[in-house]
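# sequence? don't have it. structure:
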């Protein structure tokens, strides 16, 4: 989208956990039961933000806010956040290195279902709103054609104003001068 689009916070969830994936066959689905859930590789804060069509899932240090890893979710591309097959609290995040374009997958989860629901709802609401805004922008471009409301040369607008002093109505005439772009109103 535009470079002047602001960044909004979708949700902030404490105690997000990251896990090493044991089964790298992501295409057929992943089960959180296969992970070592008792030993997460990282615990910290999840902050989901959005800028235009793109959502950023930022996993940050809870104490100082330092970014540990970030997952980019673009509504125009295939999703980077997939739920696991056997739990509503765990997800697989697709991480892409911006410089090398290398892809890595990592497990992410929450201890409570309510936190997982908040995360899922925030991403869903963002996707829905971004798609609606895009559809609305496409429709408004088709609905409104620019109107040329400029009077042609020698075209007049007559306005009758009742004048109590005289019985003759006041007439305003618009004249377009080709020498300069100023518009003159004359009374007659």
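Alright, I've got the coordinates. Source: prediction; values computed, not measured. Numbering: from 1, shown residues only.
# Does residue 24 belong to a helix, a strand or coil?
coil (DSSP: H, G, I helix; E, B strand; the rest coil).
# immediately after the longest strand anywhere in the chain, which helix or strand?
Using DSSP state E, we find that the single longest strand of the chain is strand 8-19. For strand 8-19, the following helix or strand on the C-terminal side (DSSP states H and E) is strand 42-51.
# Any buried residues in that following strand, and which?
Neighbour counts over strand 42-51 (16 or more other Cβ atoms under 10 Å) mark 44-50 as buried. Placement of C-beta: from N, CA and C, glycine included.
# what mean pLDDT does stretch 22-36 have?
Mean pLDDT, computed over stretch 22-36, is 81.
# Can you give the distance of the longest strand of the chain from its chain's centre?
Between the mean C-alpha location of strand 8-19 and the chain-wide mean there is a distance of 19 Å, by Cα atoms, centre = their mean, to the nearest Å.
# what sits against residue 98?
Residue 98 sits next to no residue when contact means Cβ atoms under 8 Å, 6 or more residues apart in numbering.
# Please report how far it lies from residue 72.
Here residue 98 is placed at a distance of 9 Å from residue 72 (Cβ to Cβ, to the nearest Å).
# Would you mark the buried spots in the helix or strand that residue 123 is a member of?
Per DSSP H and E: residue 123 is located in helix 113-143. Residues of helix 113-143 classed as buried: 115-116, 118-120, 122-123, 126-127, 130 (neighbour count, 16+ other Cβ under 10 Å).
# These into a markdown table, with extra columns for pLDDT and distance to residue 80?
Below are the buried residues of helix 113-143 laid out as a markdown table (pLDDT from 0 to 100; distance: Cβ to Cβ, whole Å):
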| residue | pLDDT | distance to residue 80 |
| --- | --- | --- |
| 115 | 96 | 19 |
| 116 | 96 | 17 |
| 118 | 96 | 18 |
| 119 | 96 | 13 |
| 120 | 95 | 14 |
| 122 | 95 | 15 |
| 123 | 94 | 10 |
| 126 | 94 | 13 |
| 127 | 91 | 12 |
| 130 | 88 | 15 |
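# Residue 94: which of the residues you listed is nearest?
The nearest member of the buried residues of helix 113-143 to residue 94, counting by Cβ to Cβ, is residue 123 at 13.5 Å.
# Quick check, that closest one in contact with residue 71.
No - between residue 123 and residue 71 there is no contact under Cβ atoms under 8 Å: 10.5 Å.
# which neighbours do these two share?
residue 81.
# Turn the buried residues of strand 42-51 into a markdown table, including pLDDT and distance to residue 93.
A markdown table is the format used below for those (pLDDT from 0 to 100; distance: Cβ to Cβ, whole Å):
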| residue | pLDDT | distance to residue 93 |
| --- | --- | --- |
| 44 | 96 | 14 |
| 45 | 96 | 15 |
| 46 | 96 | 10 |
| 47 | 96 | 14 |
| 48 | 96 | 12 |
| 49 | 96 | 15 |
| 50 | 94 | 16 |
